[in-house]
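Fold the following, please.
(chains A, B, C and D)
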Number of protein chains: 2
Amino acid sequence: MATLSDVARRAGVSPATASRVINGSSKPVTDELRERVLAAVAELQYVPNAHAQLLARSHRSAVGVIVHDVSDPYFAEITRGLQRVATDQGRLLMICNSYRDPDRELEYVELLRGHQVAALILAGSGYHDEAFTRQLNEKLAAYEATGGRVAVIGRHEHSGDAVMPDNRAGGYLAGRELCGLGHRAIGVVAGPRILTTTTDRLAGLRQALTEQGRELPERRIRYAEFDRDGGAEATARLLDADPELTAIVALNDSMAIGALATLRARSLAVPQQISVVGFDDMPIAQDVTPALTTVRLPLVDMGVRAMSLVLGAEAPAPRREVLPAELVRRDTAGPAPRSTRAASGSAPRARRGDATS
Amino acid sequence: MATLSDVARRAGVSPATASRVINGSSKPVTDELRERVLAAVAELQYVPNAHAQLLARSHRSAVGVIVHDVSDPYFAEITRGLQRVATDQGRLLMICNSYRDPDRELEYVELLRGHQVAALILAGSGYHDEAFTRQLNEKLAAYEATGGRVAVIGRHEHSGDAVMPDNRAGGYLAGRELCGLGHRAIGVVAGPRILTTTTDRLAGLRQALTEQGRELPERRIRYAEFDRDGGAEATARLLDADPELTAIVALNDSMAIGALATLRARSLAVPQQISVVGFDDMPIAQDVTPALTTVRLPLVDMGVRAMSLVLGAEAPAPRREVLPAELVRRDTAGPAPRSTRAASGSAPRARRGDATS
DNA sequence: TCCCTGCGGGAAAGGGCTTTCTCTGCGGTA
DNA sequence: TACCGCAGAGAAAGCCCTTTCCCGCAGGGA
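All right, here's what the predicted structure looks like:
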């Protein structure tokens, strides 16, 4: 690899001059030398060593982002928002997938700190795990102590600025909608119970049901992975245990899609026999059939807000922005059926016993 | 930020010793000193400056990846494959989204070169654009000349190793299937015509039709963005121009989902009145209703292969692996209807197609 | 004519780390 | 007792760049 001094030598100038030309320094350089340098750069196909540059200018410019998985639509949308602001401000993003592994999160905080990022954004759900939360907080605090900025999206338990989707209100909206439609036997297809996102959404849902004189017993909740297959599987378990269910709330849209798959496999008509409500309003929600009724979160906006906080002026105290959830009525939630399916037995002719993956 | 010499000073040792302890060097250090260093590291919350490290060890370890968009399922799957191998070998991945912007691709090649990546992988479609192709090839060649390894996925026009999905064969499979089902008026919802992926798939499709004595006139092809909305819009244009169509081939699954949306909006029953075939077999393909008949590409495997090539032994000449396409029959392709829709008007809503997976 | 100013350029000091080379002191051999 | 070898620690030379500081020189004012 050609280095700066190679370029300088070839152009017959000092490295200092070469550097100035290449970086468009404010210091003036005569056109003659400038051209010689540029020619040398082209001939040698010179590309500056980014590490050396980053080391030399102590300028911290990149921003680190830790998400569960960028290719999950939920995070893809948030990331889009983050990117938009970062690009506007000429910042590079370093995005890391933790795949919901707390240890990996911790590691990535170190890694990104080591890469001298100017700010750190953690997006996703928090964990009900005190030891971990404390550890993470310590690391974040250490980072902030050295001038780093931190923002979290959807995790309340940390220092730094926070952008929070109103998960609880969203759960409430889903519950109220189903109650309004006359549903009494409502099952929940939930994500891992260790995630605060799961419990927050659940809490809102429970509150809505309670207010309507209904309840949400644990036996009507099934916890599984926060993805399509988890949703399919949890729905199957739910249905097996309680065939009387007239509605299912899935705690995210991926799970809702899995739920729909299971219901289809069991030939249960949605929403005639059973209603489904999702959560997040991922782009695909409008393209499944029937189109998914769900709770929308302003995902892109959450990213925009978080990045703006972290790149904007520093505040004396951590800020906290709560972004509202909104119910999107489509076709998977309808009035509760008159009679239960109890008579008709378990799904006549379920072509396949279970949801496949 | 604490530095290595801070740690060394605090532990009362030289920076050399501190470095050896921290990096687990093979050089022996007495337990006494080792513990002092470790304690200092913990107290100071020391994290090595990654840039300084990368600069000091000339060891190039990270691998650069340029894709169109990681959050697009097509690339998400490929990336999964790349990651798997990279992680196994302890390599860090730097992933960049070009959003199908050739200039950005060029920039990212420079950027990644500047970051001293050990190898570069470009995934996605090539462009029918000679000037750009030449430029990119020059950059890649320059990079290879300095010892960098290069692999491309799904782009034939470049030097370096190549992993190619058999797009042409895939197009052929789709065409043959529809011909076999008796379709004669087949429309194509295509991606941008500047992409080689589009033209390759189209070529295979055309070949299949030609072999069956049918043809594929330009007026039955609509080019649009390679995404859901592009598919929806192209389908609408196609239908407006030629209401006799009994089948549509969408050149990727996202477009196919858009096509299904348009057909649903127009109350055309799939597959009774009109068949649809997609391409790629993205995970969501089995969850739309009716489940999408499509051409499967071994996406994860493509990633695995490419990363293995690039991290494996160097070959005297560029290697080239072609991975086969495979038809996945689900519920959106059926026999061509007897009569045209001209008479029958809007379809009696077929609610659900059938089996998933 | 002399001095000051300002411009264009180079020398050199970091930036934080790794690693080779060197040095010290100890145990063991002749 | 003299010498050798080696283990364990430190000194210092990079790695490649940026940027401050300094210098020489030409032009302008006194």
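
Which residues are in contact with the nearest residue to residue A:290 once chain neighbours are set aside?
Closest residue in space to residue A:290, ignoring its immediate chain neighbours: residue A:331 at 3.5 Å, by CB to CB, 6 or more residues apart in numbering or on different chains. Backbone N, C-alpha and C define where each C-beta goes, glycine included. Residues near residue A:331 by CB atoms under 8 Å, 6 or more residues apart in numbering or on different chains: A:271, A:290-293.

Which pLDDT value goes with residue A:331?
Predicted confidence (pLDDT) for residue A:331: 97.

and what of residue A:349?
Per-residue pLDDT puts residue A:349 at 37.

Repeat that for residue A:345.
Predicted confidence (pLDDT) for residue A:345: 39.

same deal with residue A:356?
Residue A:356 carries a pLDDT score of 33 in this model.

all helices for the stretch 1-150 of chain A, in order.
A:4-11, A:15-23, A:31-44, A:50-56, A:73-88, A:102-114, A:130-145 (DSSP state H, counting those that start in this stretch).

which helices and strands does the shortest one pack with?
With contacts defined as 3 or more CB pairs under 8 Å, 6 or more residues apart in numbering or on different chains; DSSP states H and E, the packing partners of helix A:50-56 are helix B:50-56, helix B:102-114.

May I see the contacts of residue A:331 organised as CSV, with neighbour count and pLDDT added?
Formatted as CSV, the contacts of residue A:331 follow (neighbours: other CB atoms under 10 Å in any protein chain shown; pLDDT from 0 to 100):
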residue, neighbour count, pLDDT
A:271, 21, 96
A:290, 19, 94
A:291, 16, 96
A:292, 29, 98
A:293, 26, 98
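
just the residues you listed that are near DNA strand D?
Here nothing survives when the contacts of residue A:331 are matched to DNA strand D using CB under 7 Å from any atom of the strand.

from what I can see residue A:71 touches residue B:73, true?
Yes. Between residue A:71 and residue B:73 there is a contact at 7.2 Å, judged by CB atoms under 8 Å.

the more surrounded of those two?
residue B:73 (23 against 19; other CB atoms under 10 Å in any protein chain shown).

any idea how far that one is from residue A:243?
34 Å (CB to CB, to the nearest Å).

Nearest residue to the middle of chain A?
The centroid of chain A falls nearest to residue A:75 when counting by CA atoms, centre = their mean (3.2 Å).

Tell me which residues touch that one, please.
A:67-69, A:123-124, B:71.

how about the residue nearest to residue A:290, phi and psi?
Here is the backbone geometry of residue A:331 (degrees, to the nearest 10): phi -110, psi 0.

Next one: it from residue A:264, what distance?
For residue A:331 relative to residue A:264 (CB to CB), the value is 14 Å.

Excluding chain neighbours, what is closest to residue A:12?
Closest to residue A:12 by CB to CB, 6+ apart is residue A:36, at 6.5 Å.

so that neighbour touches residue A:11, yeah?
Yes. Judged on CB under 8 Å, residue A:36 makes contact with residue A:11 at a distance of 4.2 Å.

how about the helices of the stretch 1-150 of chain A in CSV, adding distance to residue A:209 and mean pLDDT?
Converted to CSV, those look like this (distance: least, CB to CB, whole Å; pLDDT from 0 to 100):
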stretch, distance to residue A:209, mean pLDDT
helix A:4-11, 67, 96
helix A:15-23, 62, 95
helix A:31-44, 68, 95
helix A:50-56, 54, 95
helix A:73-88, 25, 95
helix A:102-114, 31, 95
helix A:130-145, 29, 94
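
Could you work out which of these reaches nearest to residue B:177?
helix A:73-88 (29.7 Å; CB to CB).

What are the buried residues along the closest one?
For helix A:73-88, the neighbour count (16 or more other CB atoms under 10 Å in any protein chain shown) marks A:73-79, A:81-83, A:85-86 as buried.

separation between the residue in the stretch 251-357 of chain A positioned nearest to chain B and residue A:260?
Residue of the stretch 251-357 of chain A nearest chain B, by CB to the nearest CB: residue A:289 (3.7 Å). Per CB to CB, residue A:289 is found 9 Å from residue A:260.

Please identify which of these two sits among more neighbours.
residue A:260 (29 against 20).

Isn't that one up against residue A:332?
Yes. With contact defined as CB under 8 Å, residue A:260 reaches residue A:332; the gap is 7.3 Å.

overlap in contacts of the two?
Residues touching both residue A:260 and residue A:332 (CB under 8 Å, 6+ apart): A:270, A:276, A:292.
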